[in-house]
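structure, please.
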Amino acid sequence: MKLKYTMMITLIVTILFTGCNQNSTGPEGADYSASFEKVWNDVDSNYSYFIHKQIDWDDVKIRYEPLARSPATYDFFINDILKCMLGELHDLHVSIQDKDGHYIAPYTRDVFANYRFDSAFYSTYISGPVFTSDEYIACGSIHQTIGYVLIASWTSSSSGDVDEFLAMFDNEETRYENMTGLIIDVRPNGGGSDALAKKVASRFADGTKTYEYVKYRNGPGHDDFTALQALSFSPAGPWQYTGPVALLIGEKCMSSNESFILMMSTLDHVTTIGDTTGGSSGNPGEFSLEDGTTYRISRWI
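Numbering: from 1, shown residues only. Purely as a prediction, here's the structure:
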């Protein structure tokens, strides 16, 4: 009777959770129970938002572990077990990269894009837009008196564009200084590197400012954290723009871009305009399985 009951529970759990990916090939093949255990333990020991989100991680294990104990294909393990289990965290900073290099997002959510960028936009409002090499940043002006800067990303791939922009910022110091104001538009920017964001924010700083406090998960308990650490930024570069700045923001602003917005918000000459930001920060660490699968887990609050 006990064996039949266990088989029935396994079958029910399988039916409930295979809906996460309709393209999976089904439970046949290798035993991934050890891999499942490692991922679950890595999350249990490192994830930072269990208490904040009131997540019962032990209950998650009870519901998904029966699938991992049954022989499965790699595709089934990744897309119908790990993806669904990590999706329970409801965290945009938790992700998987399978052994073939494919990025998998366990959790997504719809956000409103409060912008529209096309040729009509630039021809109607912006004079002489200049794009950096990879087009992550566009610079122009409105009526020759108000500067406009669109920054679409803080990812590492945009680092060259940030350097190009700062060189332009310095080489055209007189033009920027004579502007009656600047518009900085980060509405499509989903984040990337705090260091890149700080490089730009420091060109508007009028002193050292604390913009954020963080604490890192640092022990086996879900409530084990370091003390709060203050993060700050200071003026850098040959000069700073301290005239009026309008910072355009929206729901697609997340992660390091929210840090940039926090930096800029500490400055009296900066006004934020737009919509509430996305509300997603994690500073994830990367972990891996022996087969080359990697997964990223949020580590701070």
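
residue closest to the middle of this structure?
Nearest to the mean C-alpha position of the chain, by CA atoms, centre = their mean, lies Ser255 at 4.4 Å.

please tell me I have it right and that one contacts Ser280.
Yes. Ser255 is within contact range of Ser280, at 5.8 Å (criterion: CB atoms under 8 Å). In short, each C-beta sits where N, CA and C put it, glycine included.

need the overlap of contacts for the two.
Here Ser255 and Ser280 have Leu92, His93 as joint contacts, going by CB atoms under 8 Å, 6 or more residues apart in numbering.

wait, Gly29 touches Ser70, no?
No. In this structure, Gly29 is not within contact of Ser70 by CB under 8 Å, at 9.8 Å.

which ones are touching Arg296?
Per CB under 8 Å, 6+ apart, neighbours of Arg296: His93, Val94, Ser95, Ile96, Pro284, Gly285, Glu286, Phe287.

now the buried members of the residues you listed.
His93, Val94, Ser95, Ile96, Pro284, Gly285, Phe287 (16 or more other CB atoms under 10 Å).

what's the closest of those to Phe50?
Val94 (12.3 Å; CB to CB).

and the spatially closest residue to that closest one that is not a sequence neighbour, what element?
Nearest residue to Val94 in three dimensions, chain neighbours excluded: Leu86, at 5.2 Å (CB to CB, 6 or more residues apart in numbering). Taking DSSP states H and E as the criterion, Leu86 maps to helix 83-87.

next SSE after that helix?
Immediately after helix 83-87, counting by DSSP H and E, sits strand 95-97.

what's in contact with the helix or strand following that next one?
Following strand 95-97 in sequence order, the next helix or strand is strand 103-104 (DSSP H and E). Strand 103-104 is contacted from outside by Ile78, Asn79, Lys83, Ser95, Ile96, Gln97, Asp98, using CB under 8 Å, 6+ apart.

centre of the chain to stretch 224-232, how far?
Relative to its parent chain, stretch 224-232 has a centroid offset of 20 Å by CA atoms, centre = their mean, to the nearest Å.

now stretch 243-257
15 Å.

what is the mean pLDDT for it?
For stretch 243-257, the mean per-residue pLDDT is 97.

likewise stretch 63-70?
Per-residue scores along stretch 63-70 average to 91.

okay, it in CSV with CA atoms only?
Extracted in CSV, the C-alpha atoms of stretch 63-70 (Å, rounded to 0.1, in the frame of the first residue of the first chain):
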residue,chain,number,x,y,z
ARG,A,63,6.9,19.1,-3.9
TYR,A,64,9.7,18.9,-6.5
GLU,A,65,12.1,16.2,-5.2
PRO,A,66,9.9,13.3,-6.3
LEU,A,67,10.4,14.4,-9.9
ALA,A,68,14.2,14.5,-9.5
ARG,A,69,14.2,10.9,-8.1
SER,A,70,12.7,9.6,-11.3
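
show me what counts as buried in it.
Buried, per 16+ other CB under 10 Å, within stretch 63-70: Tyr64, Glu65, Pro66, Leu67, Ala68, Ser70.

one more: stretch 87-102?
Buried, per 16+ other CB under 10 Å, within stretch 87-102: Glu88, Leu89, Asp91, Leu92, His93, Val94, Ser95, Ile96, Gln97, Asp98.

good, wrapping up.
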